[in-house]
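Visitor: Generate coordinates for the sequence data below:
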Amino acid sequence: MFEFLIQIREKNKILRNNKYFLLTKQIKSQQVKTLKNGFTLIELLIVIAILALLASLVVPKVIGSFDGAKKDLVCVQMKSVASMLDTFHLHNDKYPDTEEGLEALKSNPDEGKYSNYASGGYMKEKETPKDSWQTPFTYISTGKEFDLISLGADKKEGGEAENADIYFSKCSQSK
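Guide: Model prediction:
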């Protein structure tokens, strides 16, 4: 019986020293490493499909909030202009006429009419303020009150949703 065990041990030594045995063992270990390091095509396709599904759910909400942010920014810009107009009103007891427009905040349109006009004007910027779509605000005044209007994304009067006109009087009511 011991002879049998000794023969098996001898054969194993020969096999271990055999180049073919060593080469196949090395190839098998490399295959196992390769399988552990890579992804299959199916796995990659599943990940891409999941990412596409998530993007289709998230992107419309992000774009919608971007339009809402632009409208909010317009209201903030209008409040800034309204603050300048209120300062003008405090000094002159009336708002500039509609025809004089927002240009009256930069320089005195009529020295006889606005004798208490501030020496440096009321607006530090050289350009008339514009909305988020780079369109100048429309100014309407009755002398005792005013409204500012942004024409919205379509830059035309009227419109719906993101193209709707934005009125300062409505901005100040909703906030």
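Visitor: and the gap between K113 and L105?
Guide: Distance, K113 to L105, by Cβ to Cβ, to the nearest Å: 15 Å. No exception for glycine: its C-beta is placed from N, CA and C like everyone else's.
Visitor: How is the protein divided into domains?
Guide: 2-37, 71-174 (automatic domain parsing).
Visitor: So which of the ones you listed has the densest surroundings on average?
Guide: Of all the domains of the chain, domain 71-174 carries the top mean neighbour count, a mean of 15, counting by mean count of other Cβ atoms under 10 Å.
Visitor: Relative to the whole chain's centre, how far out is that domain?
Guide: 26 Å (Cα atoms, centre = their mean, to the nearest Å).
Visitor: Following element in sequence after the helix or strand bottoming out on mean pLDDT in the chain, please.
Guide: The weakest-scoring helix or strand in the chain, judged by mean pLDDT, DSSP states H and E, is helix 19-37 (a mean of 59). Next helix or strand after helix 19-37 toward the C-terminus (DSSP states H and E): helix 41-92.
Visitor: and that following helix, average pLDDT?
Guide: Across helix 41-92, pLDDT averages out at 86.
Visitor: C-terminal to it, which secondary structure element comes first?
Guide: strand 138-141.
Visitor: Run me through the strand neighbours of that next one, direction for each.
Guide: strand 146-150 (antiparallel) (DSSP bridges).
Visitor: Using CSV, write down the CA coordinates of the partner strand.
Guide: Only the C-alpha atoms of strand 146-150 are listed here, as CSV (Å, rounded to 0.1, in the frame of the first residue of the first chain):
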residue,chain,number,x,y,z
PHE,A,146,-46.2,102.4,-12.4
ASP,A,147,-45.8,98.9,-13.8
LEU,A,148,-42.8,97.1,-15.4
ILE,A,149,-43.4,94.5,-18.0
SER,A,150,-41.1,91.8,-19.4
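Visitor: could you check the angle helix 41-92 makes with it?
Guide: 160 degrees (axes from the mean of the first three to the mean of the last three Cα atoms, to 10 degrees).
Visitor: Mind checking the pLDDT average for strand 146-150?
Guide: 93.
Visitor: Not counting it itself, show me its contacts.
Guide: Counting by Cβ atoms under 8 Å, 6 or more residues apart in numbering, strand 146-150 makes contact with 74, 78, 81-82, 85, 95, 131-133, 135, 137-140, 165-169, all of which sit outside it.
Visitor: try it again with 6 Å
Guide: For strand 146-150, the surrounding residues in contact (Cβ atoms under 6 Å, 6 or more residues apart in numbering) are 74, 78, 81, 85, 95, 131, 137-140, 165-169.
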